[in-house]
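Student: Curious how this folds, go ahead:
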Amino acid sequence: MGQPQPILPGVASGVSMKKKFYAVLAAFLGAVQATVASASVFPLPVHGNIVGSLKAVTTNRDDTLLDIGRFYDVGYNQITDANPGVNPWLPGLASKVVIPGEYILPPRPWKGIVVNIAARRLYYFPPNQHVVFTYPVGVFLPGWKERLATTRIIQKFRMPAWYVPKNIHAWFQKKFHMNIPWYWPPGPENPMGELAMETGLPGIFIHGTYHPWGVGMRASQGCFQMYPENVAQLFPMVPVGTPVRIIDEPEMVGERDGQIYLQSYRLLHAYHKGGAGGLQRAVVAIRGYMSGHHDRIRIDWRRVRHVVSMHNTVALPIGVESPRYAALVAALPARPYAYAPYGASANGAAVPPPLKPAASMAGGRERINVQVYFPDQKKP
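Tutor: So this is what the prediction gives:
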């Protein structure tokens, strides 16, 4: 996505630019010292390869699926595909919304950062901690393509400026007839967000975004975009040198409590032109996973076909006589979603302020928070 440049005091020209920079920097440092939304963090499973669980909430009048998804750390693709038939912008009062917070972990090794492009999800396995942090990400727009490779984090930038590469500038002119600026200063309107981690792949960064509602969508020119509050949590945890593995695994096979699961994401055809379809890939993945280890488990192949055709992003059991998705959803207890929408203050690259309880939900559910610090800052 081009090379960001760290901005230092006095570099920006003009008094107004300096004032804007200092104001943004002060607001940012204040935000990261405050509590921010917790990531989806789970202990690594002793047996199997699945973490998390399905949840359900009921909506208030002003809720959107995007607000609910952001609160629970799922992207647009997950929250909408898991709730077919629910209007993402107007789900309605007291609608039941499934939170697809159950994840089949990527193939081993569980080390460093792994990004599954098909899932539009990032996994971070910190060394010697036996946990996994997982976050939704925005991936490439149609016409762009990230590279499937193994690399590492080579630099980290706070409050980056962005010099737009010629190919991206030309793409905006051709696609949207927009003559975008060649230079974007730090701040809430910077497409790189307020924190960026450069990988060893030229032009590929993991960074925040000034358009957080694009997380889980195809909204990038090759980088991986994160919610501002999520990148604020991930950034200080990841040292330079951390390995990064970029994969494309639309059909994920997992195991929990003796049951085989399948998690199916929509194919990104940039990687599958003329290749195997989703069902064929799922069959190969299931047979490969079960080979020589799970002879007693009988797979319902009609169920497999149905899961692949739905692409609802939920990890679903596929054994004979296992419950169907509709039955699982019907059995999920649903608690009222307790928070007001994020609002206009959460539309930029800054960490949003803490959510307020919805007017009709006084005394509702408490949010789990995580304190965020940069590596060179002392904890109080």
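Student: ok, longest strand in the chain?
Tutor: Secondary structure of the chain per DSSP state E: the longest strand is strand 150-158.
Student: Please compute how far it lies from its chain's middle.
Tutor: 18 Å (C-alpha atoms, centre = their mean, to the nearest Å).
Student: and what of stretch 208-226?
Tutor: Distance, stretch centre to chain centre, for stretch 208-226: 9 Å (C-alpha atoms, centre = their mean).
Student: can I have it written out in CSV, keeping just the CAs?
Tutor: This file holds the C-alpha atoms of stretch 208-226, laid out as CSV (Å, rounded to 0.1, in the frame of the first residue of the first chain):
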residue,chain,number,x,y,z
GLY,A,208,-5.6,0.6,11.3
THR,A,209,-8.1,2.4,9.0
TYR,A,210,-10.0,5.6,8.7
HIS,A,211,-13.0,3.5,7.4
PRO,A,212,-13.5,0.9,10.2
TRP,A,213,-16.8,-0.2,8.8
GLY,A,214,-14.9,-1.8,5.9
VAL,A,215,-13.3,-4.4,8.2
GLY,A,216,-14.5,-7.8,7.0
MET,A,217,-15.1,-6.4,3.5
ARG,A,218,-12.9,-6.2,0.4
ALA,A,219,-11.8,-2.6,1.0
SER,A,220,-8.0,-2.5,0.6
GLN,A,221,-5.4,-2.1,-2.1
GLY,A,222,-3.4,-5.0,-0.8
CYS,A,223,-3.0,-4.3,3.0
PHE,A,224,-4.8,-5.8,6.0
GLN,A,225,-7.0,-3.2,7.7
MET,A,226,-8.1,-3.5,11.4
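Student: Which helix or strand contains residue 103?
Tutor: Taking DSSP states H and E as the criterion, residue 103 maps to strand 102-104.
Student: Mind listing residues that contact that strand?
Tutor: Contacting residues not belonging to strand 102-104 are listed as 40, 42, 49-54, 121, 134, 252-254, 261, 263, 314-315 [C-beta atoms under 8 Å, 6 or more residues apart in numbering]. No exception for glycine: its C-beta is placed from N, CA and C like everyone else's.
Student: Just the buried ones out of the residues you listed, please.
Tutor: Among the contacts of strand 102-104, those classed as buried by 16 or more other C-beta atoms under 10 Å are 40, 42, 49-52, 54, 121, 134, 252-254, 261, 263, 314-315.
Student: Perfect, that will be all.
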